[in-house]
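In: test case, fold it:
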Amino acid sequence: SPLPPPPPPPWHLNRPWQHHPPRCDRPPPGPPAAPTAAGARAQQCARPPLLQPPVTVLVTGCSQGGIGHALALALAATGARVFATARSLAAMDGLEAAGCTLLQLDVTDDASVAAAASAVARATGGAGIDILINNAGATFKGTILDSPPAACGALLDVNVVGVVRVAQAFAREQRVGRRS
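Out: Residues are numbered from 1 along each chain as shown. Next comes the predicted model:
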């Protein structure tokens, strides 16, 4: 007689990035449904969409061909109000047609960051943004031993200090907008 098929692998072997099985503590919406193995679980753990309009998002580093550009397109497709930023407006080809508002923003320049934060505050009537995606970044080729210290400093200014600079500027605008 043939052997029975082997049992399916434990859930953690199918999803090694999860450290525990998915859980949902909410009761299912509406009247209780007849329990089925997959159907009841799916209904019980149905979640609302992550972005429920109106959501206002600012994405840094939206130059064409990069992750920020793709994020801005995807967020605009969900109905979010998207402020797409890059050092050059010309580098964000196609985003305006998708419904994004384009802003020039250099994360290494205090004046540029402040101007973008003010522009967003004006455009949103002081409401500001709901989500900030600090995507702008830079790299250089070579080892740290062969790189001049100025190149390392410039890299840190974009990838570390720029994140702080943008977060602080938009948080400041949020606080000012909520007081008025």
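
In: every contact and neighbour count from this point should use C-alpha atoms.
Out: OK.

In: quick check: the closest residue to residue 106 other than its chain neighbours vs residue 143, distance?
Out: Spatially, and ignoring its direct neighbours in sequence, residue 106 is nearest to residue 87 (4.9 Å; C-alpha to C-alpha, 6 or more residues apart in numbering). Relative to residue 143, residue 87 is positioned 26 Å away (C-alpha to C-alpha, to the nearest Å).

In: can you pick out the residue with more neighbours from those two?
Out: More crowded of residue 87 and residue 143, by other C-alpha atoms under 10 Å: residue 87, with 19 against 8.

In: please report phi then psi for the more buried one.
Out: phi -70, psi -30 (degrees, to the nearest 10).

In: let's have the chain start at 11 instead
Out: Taking 11 as the first residue, the last one we looked at is residue 97.

In: pretty sure it contacts residue 119?
Out: No - assessed by C-alpha atoms under 8 Å, residue 97 is found out of contact with residue 119, at 10.0 Å.

In: ok, now which ones touch the residue nearest to residue 116?
Out: By C-alpha atoms under 8 Å, 6 or more residues apart in numbering, the contact set of residue 97 is 71, 114-116.

In: mind giving me TSV with those residues and columns for pLDDT, secondary structure and neighbour count?
Out: Listed next are the contacts of residue 97 as TSV, based on pLDDT from 0 to 100; DSSP: H, G, I helix; E, B strand; the rest coil; neighbours: other C-alpha atoms under 10 Å:
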residue	pLDDT	secondary structure	neighbour count
71	97	coil	27
114	98	strand	20
115	97	coil	26
116	98	coil	21
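
In: which of those sit farthest apart?
Out: Farthest-apart pair in these is 71 and 114; separation 10.0 Å (C-alpha to C-alpha).

In: can you list residues touching both of the two?
Out: With C-alpha under 8 Å, 6+ apart as the test, residue 71 and residue 114 both reach 95-97.
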